[in-house]
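*Asks:* This is the structure alone, sequence omitted:
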């Protein structure tokens, strides 16, 4: 089994990330750690969540810490980078999660060429853009694939290993952005 988690913007208007999760699970090749649910469970301060913090007795901060650990431990980090009509959309948190995958030399798959939000730090945007240009980050619309095409993807990329060769300065920059993002979740108390 290939260990993955799905990143991207969760929204009630686009359930594509959950349809992708279902399709990947149906293929039988993937163990998917996140998103936890198969849809949006609740909203907190206007932010859609795939778990209910009240029922599960854990905070968004704790879930995000575990999500980062999942990126570090997974074989692939798959990003459904579409938000409503914005095909390729990568927001601040998704960009930092992708960069964290770069630090740990994780295989990363985007569904579309990246279109960055204005909130994405320039240093992170540059790292991701270079990795896409060098075809180290794969841009493959897995959500459009049928099960046979997913099988072919698994066969072709199962042993695909990547080295991003980030400098120490680049790694430190990414880790500082991860820390800032996680602190913002912790301080928001949700």
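*Replies:* Everything's here; your move. Just so it is clear, the structure is predicted and the values come from calculations on it, not from any experiment. Numbers count the residues shown, from 1 in each chain.
*Asks:* Packing partners of the biggest helix by length in the chain?
*Replies:* Among all segments of the chain classified by DSSP state H, the helix with the greatest residue count is helix 168-188. Packed against helix 168-188 by the contact rule (3 or more CB pairs under 8 Å, 6 or more residues apart in numbering; DSSP states H and E) you find helix 60-73, helix 92-103, helix 122-133. Quick note: C-beta positions are derived from backbone N, CA and C, even for glycine.
*Asks:* Looking at these, which is nearest to residue 171?
*Replies:* Nearest to residue 171 among these is helix 92-103 (5.2 Å), distances taken as CB to CB.
*Asks:* which helices and strands sit right next to the closest one?
*Replies:* Packing partners of helix 92-103 (3+ CB pairs under 8 Å, 6+ apart): strand 2-8, helix 60-73, strand 76-80, strand 107-110, helix 122-133, helix 168-188.
*Asks:* let's see 10 Å
*Replies:* strand 2-8, helix 60-73, strand 76-80, strand 89-90, strand 107-110, strand 115-116, helix 122-133, helix 168-188 (3 or more CB pairs under 10 Å, 6 or more residues apart in numbering; DSSP states H and E).
*Asks:* Mean neighbour count and mean pLDDT added to those, as CSV?
*Replies:* Formatted as CSV, the helices and strands packed on helix 92-103 follow (neighbours: other CB atoms under 10 Å; pLDDT from 0 to 100):
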stretch, mean neighbour count, mean pLDDT
strand 2-8, 22, 91
helix 60-73, 17, 89
strand 76-80, 26, 94
strand 89-90, 24, 96
strand 107-110, 23, 96
strand 115-116, 16, 97
helix 122-133, 16, 96
helix 168-188, 14, 91
